[in-house]
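> what's the 3D shape of this:
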Amino acid sequence: MYEHYPATLRVYAAIHDLIAQRRKGPTLREIGAEVFLSHTAVLPHLARLEAWGWIERDERSPRSIRLGPHAPQHPPVLIEPQTPPVP
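Predicted coordinates for the structure are as follows:
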């Protein structure tokens, strides 16, 4: 199921890594910078991660994102599809 949402998995990996590095919740702009999305484009991915139980957050606080009760210990490994070589 989760493999159908590679951008959301990249957002989760960025959140996981930022929390591990900084010991505090990342802002939308920090997450966006990590995955090359605008801070507003990050929002639907956060909603999906919340629905999965992977993160929790308080929308009124900028650094309230934290790992949720169903968050994987390690971010999923993303395997990018192979493109055939150009002749």
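> this protein: helices as residue ranges?
For the chain, the helices defined by DSSP state H cover 6-22, 28-35, 39-52.
> which residues of this protein score low on pLDDT?
1-3, 78-85, 87 (pLDDT under 70).
> would you agree Ala41 is in contact with Ile31?
No - counting by CB atoms under 8 Å, Ala41 does not reach Ile31; the two are 9.9 Å apart. In short, each C-beta sits where N, CA and C put it, glycine included.
> the two: who's more crowded?
Ile31 (24 against 15; other CB atoms under 10 Å).
> ok, that one to Asp58 distance?
In this structure, Ile31 and Asp58 are 16 Å apart, going by CB to CB, to the nearest Å.
> please apply the same query to Trp52.
Noted for Trp52: a distance of 18 Å to Asp58, by CB to CB.
> of these two, who's got more company?
Trp52 (17 against 11).
> was I right about the more buried one contacting Leu67?
No - in this structure Trp52 lies outside contact range of Leu67 using CB under 8 Å: 11.6 Å.
> give me the common contacts of the two.
Shared contacts of Trp52 and Leu67 (CB atoms under 8 Å, 6 or more residues apart in numbering): none.
> Arg48 contacts Pro6, correct?
No - the criterion here is CB under 8 Å, and Arg48 misses it with Pro6 at 12.0 Å.
> ok, the two, which is more surrounded?
Arg48 (18 against 14).
> distance of the residue nearest to that one when sequence neighbours are not counted from Arg23?
If the residues on either side of it in the chain are set aside, Arg48 comes closest to Thr8, at 5.1 Å by CB to CB, 6 or more residues apart in numbering. Going from Thr8 to Arg23 by CB to CB gives 24 Å.
> more neighbours: these two, which one.
Higher neighbour count among Thr8 and Arg23: Thr8, with 21 against 7, using other CB under 10 Å.
> please give me every residue in contact with Pro75.
Pro75 touches 9, 12-13, 16-17, counting by CB under 8 Å, 6+ apart.
> of these, just the buried ones, ChimeraX syntax please.
Buried members of these, defined by 16 or more other CB atoms under 10 Å, are picked up in ChimeraX with:
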select :9,12,13,16
